[in-house]
Every structure is written in C-alpha cells, then in structure tokens.
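*Asks:* any chance you could fold what I've pasted below:
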Amino acid sequence: MSIVIPARNCRPYLDRCLTAALVQRVRKEIVVVDDGSTDGTAELLDLYAAYHRGIVRVVRVEGGTGAGRPRNVGLDHAAGRYVFFCDADDYLGPEALERMVASADRNGSDIVLGKIVGHGRRAPVSMFHRSADRVELGDSAVYNSLSCFKLFRRQMLERHRIRFREGLLVGEDIYFTVHAYCHAEAISVVADHDCYHLVDRADGSSIMQRPDSRDPVSWLAMIRGPIQLMAEHIPPGKLRDHLLLRHFRLDAFAQLGTPFLEAGDVQRKNIAQAVAGICDQWLTSGVYQRLSGTDRQRLAALGDVDRLVRLADIESAMVRRSLTGLRWDGDRLVVTGTAALEGVGAHEAVALVLRPRQEPGRELVVAAEQEGDGFTAGIDVAALGAGVWDLRVTVELEGVVRAGRLGADREGGVARPAPRLIGGVVALPYFTRDNGNLSIDVGGYVVGVPGNARITRTSWSFGRLVVDGEITVAGTVPPASAVRRLVWRERGSGRERADRVVALSGGGFVARPAVGRLSPGTWDAYLELELGGPPARFRIETDAATVAAPRRWLGGIVLRSVRPYATAGKGRLSTVVRRLTARMVFRRIMR
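*Replies:* Okay, here's the model as predicted:
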C-alpha cells in the first residue's frame, strides 16, 4: 500500500495527517512529496523519515503550481499494489485503508471509494448511501465524486499511464480520476465507515479556499479537458450520457447559480457563452431528457442574461415553510402548512415530495391544494411501501423547483399523530431527533411500535404451559396473519427459543410452549409480529394471579423445575428453569 501525500507549507496539519497514516493496519509506505515548503514542513518531514525508516520517504521538488506535479512524482516513486492520495491538511480515519484494501482484494476492484467526512468543507454524499462490493459506472453516483481521495490499483494506473494534469491550481485531480474511471473494471464503495476527513484550513491558505479557485469562466475552460478525455474513452450512448449529465449538472449549469449572481455584468455574459459552448459540443438528446426542469430553463435562456439572473434569484431564494396541521383521515395522512419563496414573487405550485431513506433516487410526489401561501396535501400511506420516508415541501416558480424539509418550524399545537395499522402494516409519523423534521416510518424501522401483549390465562397440559392471551398494536387488533411466534430469551446469555403461536380472531392467541425443554436459566417471553418491517417484539404482560403454579417432574435421574412468574413492577411473563440430578439433590440434602 502506497500513501502519496503532497506537502507545501502545511506544518500545523502534518502531524495529524502522518500519524493517521502511520497507524493504518496495512503493509504500507508513505511517500511525502515536499513542494518547496518554507514553514518548517521540510524539517518535520526529515524527523518522520528518520524515526520511521522504511515506511516514510520524503521526495523534494520545486514548483508550487498546484498538486499535480507532486502527486505524479509520488506516484512514480510508489511501489505498492494500491495507491491512496491524501492531502497533508486532511487525514485518514482509523481502519480506513484496512477496510478499503479488504474490499479491493475481495472484489478485484481497481477503485475503492471510502466515505468522506467534511470539517468546514462540503463532502460528497450521493455515492455513500450504502456500501457496495461492485457498482456500475453508469448505474450509480460514483462519478459524482471526481476528487482523487480514493484507493486506486497501481497496476491499472501504470498500464494506462494515468497521471495528474500538471500546471493547474485546481482541477488536476479531475483529469486523473476521470481517466481512472474510464479504465476501471471494478469499482467498490465503503460507505459504513468514515474513511477520509476533509479539513478546512483555519487560515484559509488552502488552494481550494482561495477566492479565485472557483472562478466560473476558468472552471468552465478547465472542465472541457476532462469531458474531452472521457469522450475519447466512452463511446456515444447511455453510459456517456450518464457521465455527461454529471458534468452539465455539477460543472456547467452550476455556474449559472450563485456564481452567476456574484459575477459582474461582463463576466455573466462570458459565463453564459462558456456554458453555451459546452452545450453546443456535448449536449445530446439523451442528456437533455435527463436534465432537471431548472436546467432546461437555463438552457433555453443562455442568450438572455437577465432571464438567467432571474432564474438564479429564484433558485437561491429561501423556502419559507411551516407545518400547521397533521392528522389522519382514514388511511390518508393529511398535512397542512404554508410555503413560499422569499423575495421573488408568488409561487405557482406546491407539492410534497417523499423519498425513502434507503433509496435516495426514488421519490413520490403528492400535489397540494393551495390557498394563498397555505397548502393541504393528503398522503396515501398504503402506497408508500416499507421503509423510512422523509418529507419535503417543494415550491415551483417559472419552472424552477425549490425544496425544503418540513416540520422543524411548526405551530405549537402540532403533534405527531398516533401510529396506525394500514393493511397489516404499521405507519408511524414522527419528527426526527436531530432537526425535528417530519418523516414516516412504515414498518417500524427506527420508531418503536406501540403495542400490548397480555396473558389472559395459563395452565399446564401434559408438561406444556398453555398460554392464552390477546394482542393490540397501535390501539387496534392486528390481523391474525401478523402474529408470528412466541420467543423465549434467556436473560443472561441472550439465547433464544421460538414456539408456534395460533392467532385467533379478535386479537387472541394461543401457544403451548414446551418450557420444560428450555435449558437452565431465566427466560423472558415475547410475542413477535410481522408488521411490514423488521419483526416487532412485545414483552408479554401478566400478573401473579394469572400465572400457573410451578411444576416439577422427574425424567430419569433428572428433576426438572419450571417456575413461571410475573416480574416485579410492570408484571411481565418470565420463567425460571432448573434441572437437578439425583446426585445434586443428595448433595443439597447433606449440606
């Protein structure tokens, strides 16, 4: 494993970066390329190289025109099967390379993306919703991330002579990563662990923090190179359109938003012309079909600077929204509130958008009835499907759609409505813990399902404990098909044993657990139901008067003892099981 670190005047951050690299539990070399530092970085690097011989190597270059040349020099000196590029002001998370190398070895990956965490800087998120052994370039969001903070198979880099563009202050890694994606036969994602920490320098001295680092016209001129490079490797078709969409959405049309508003009149004209040039060369019908409504509006307005300013004003406007009501109407969740765009005029349409947390690319749009800034929308919860659904309110004006999470700002009397059983599936509207936004948990994935399982009678029958009881969920009787089994869990070890349950009409159930076959210990009883999500368990309640008396019987030389009882406090069914041999009984008598 080769870790390549370009370093230029980063003395305050270097200890953390190198320490985090050194503690990675992989066979490694750390190649640090000092790019003419004058702040003590060179001296500190010499100390690390002296104390960590055979691991830390320092190479010195003179340039100062971006990280492209130092990274190329570091790559030329690398000897590992894999290469990871790390900036000197950033740092690796514990176990990051261990996990990424394991993924690469397991899947034959040429590139592994590890989850990036931002500290004062924006980190990419769309590709890190879930880990994946293999993802397709055309069916995933990995191409959204074009930074070089990834694991690369060095053999692939050398075979195709993949290198950074030198002489650029920004964008040099985009050339490199685009080229690597074009040749990667397998790409993996490690999303369940914080692998790379992206740090904002307190003094603002990072190249990416400089005010001129994202000059729109310069950026648009630079990005033509990576687009051309990608097109030379990817033939026309669905895959190329998918990759081009990323460049139009995040590189080209993005310059017509906030950067466009911040630019002067002359620069706005130049930005529009640069975007138009990219569109003339690369916009295909396949890309156009994938564009958002906002970007289509921009495309139509490229010759009208005033119109582009208006669109940018609308896009940057804050969505003022408030939740004013939340109630059930049958199986529909009725949401009322207010929503408007601040400072840009009356809106044209309001809707609720629901997105499943486990499938971020999917959404359900519910049109709202409007009266002034007020709106009312009814959500057919049965149509959502299992999962956790996050709600947003969208406001549309002149073809531009703005969205915001709903619920954090709500009237004082608005409380979450009670859970509801809909077709045997439990629906639980709730407000998120972090920001208080409205979500709907269909199936009980993150919200506890309210329910009550209670014993009405117990008795012994041929060595089995006959249990009669009743169950309610969310204040109603669940369908018989939802009742799955009676589960005994041993309190000390966590071992479990399940018994069959017969569900009766009206919420009743009957079980005949063979409690005498349980191993010695204290066992707690649960009733398990299937309510659309993960199995929901309810501790079975009872009282001392309802619990059958203890039972003993002799089987061969073993005396079995089973004592069902109601726990103190809430009164829940548990059972103490003991087994005594004749020798154990004799010893107790003789004490």
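*Asks:* okay, CA-based contacts and neighbour counts for the rest of this
*Replies:* OK.
*Asks:* give me the phi and psi for D329.
*Replies:* With angles defined as degrees, to the nearest 10, D329 shows backbone torsions of phi -130, psi 90.
*Asks:* what number of residues lie near it?
*Replies:* Residue crowding around D329 was assessed by other C-alpha atoms under 10 Å; the count is 11.
*Asks:* I'd like the numbering to begin with 41 instead of 1 from here.
*Replies:* OK, 41 is where the count begins now, so the last one is D369.
*Asks:* which residues of the stretch 91-240 of the chain fall in strands?
*Replies:* Using DSSP state E, counting those that start in this stretch, the strands found in the stretch 91-240 of the chain span residues 96-101, 122-125, 131-132, 151-159, 172-175, 191-193, 227-239.
*Asks:* sheet-wise, list the partners of the fourth one with their directions.
*Replies:* To tie it back to what came earlier, the one meant is strand 151-159. Each strand that pairs with strand 151-159, with its direction, by DSSP bridges: strand 191-193 (antiparallel), strand 227-239 (parallel).
*Asks:* what comes into contact with it?
*Replies:* Strand 151-159 is contacted from outside by 136, 140, 143-144, 163-165, 168, 182, 189-193, 221, 224, 226-240, using C-alpha atoms under 8 Å, 6 or more residues apart in numbering.
*Asks:* filter these down to the buried ones, PyMOL style.
*Replies:* Restricted to the buried members of the contacts of strand 151-159, where burial is judged by 16 or more other C-alpha atoms under 10 Å, the PyMOL selection command reads as follows:
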select buried, resi 136+140+143+144+163+164+168+182+189+190+191+192+193+221+224+226+227+228+229+230+231+233+234+235+236+237+238+239+240
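*Asks:* centre of the chain to the strand or helix carrying V542, how far?
*Replies:* V542 is part of strand 536-543 when elements are defined by DSSP states H and E. Its chain's average C-alpha position is 35 Å from that of strand 536-543, according to C-alpha atoms, centre = their mean, to the nearest Å.
*Asks:* how about the helix or strand following it as PDB, C-alpha atoms only?
*Replies:* Where DSSP H and E defines the elements, the next helix or strand beyond strand 536-543 is strand 548-551. Taking Å, rounded to 0.1, in the frame of the first residue of the first chain, the C-alpha atoms of strand 548-551 are listed here in PDB:
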ATOM      1  CA  GLY A 548     -56.500 -13.500  20.700                       C
ATOM      2  CA  PHE A 549     -53.600 -16.000  20.500                       C
ATOM      3  CA  VAL A 550     -52.800 -19.400  22.000                       C
ATOM      4  CA  ALA A 551     -49.400 -21.000  22.500                       C
END
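*Asks:* can you tell me how far the closest residue to A226 other than its chain neighbours is from S185?
*Replies:* The shortest distance from A226 to any non-neighbouring residue, by C-alpha to C-alpha, 6 or more residues apart in numbering, is to S149 (4.6 Å). From S149 over to S185 the distance is 17 Å, taken as C-alpha to C-alpha, to the nearest Å.
*Asks:* so the two - more neighbours on which side?
*Replies:* For S149 and S185, the more surrounded residue by other C-alpha under 10 Å is S149, and the numbers stand at 23 against 19.
*Asks:* check contacts around that one.
*Replies:* Under the criterion of C-alpha under 8 Å, 6+ apart, the neighbours of S149 are S143, R174, R193, A224, E225, A226, I227, S228.
*Asks:* can you redo the strands paired with strand 151-159 as a markdown table with distance to R524?
*Replies:* Output for the strands paired with strand 151-159, formatted as a markdown table (distance: least, C-alpha to C-alpha, whole Å):
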| stretch | distance to R524 |
| --- | --- |
| strand 191-193 | 46 |
| strand 227-239 | 32 |
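*Asks:* kindly reformat those as a markdown table containing distance to I263 and mean pLDDT.
*Replies:* Converted to a markdown table, the strands paired with strand 151-159 look like this (distance: least, C-alpha to C-alpha, whole Å; pLDDT from 0 to 100):
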| stretch | distance to I263 | mean pLDDT |
| --- | --- | --- |
| strand 191-193 | 22 | 98 |
| strand 227-239 | 22 | 97 |
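*Asks:* nearest to T586, out of the ones you listed?
*Replies:* strand 227-239 (47.4 Å; C-alpha to C-alpha).
*Asks:* gap between the helix or strand that the closest one is followed by and the chain center?
*Replies:* Proceeding N to C from strand 227-239, the next assigned helix or strand is helix 256-273, under DSSP H and E. Using C-alpha atoms, centre = their mean, we find the averaged C-alpha position of helix 256-273 to lie 30 Å away from the chain's own average C-alpha position.
*Asks:* for helix 256-273, which outside residues touch it?
*Replies:* Where contact means C-alpha under 8 Å, 6+ apart, the residues beyond helix 256-273 that reach it are 211, 214-215, 218-219, 222, 280, 284, 287, 291-292, 295, 299-300, 307, 310-311, 314-315, 318.
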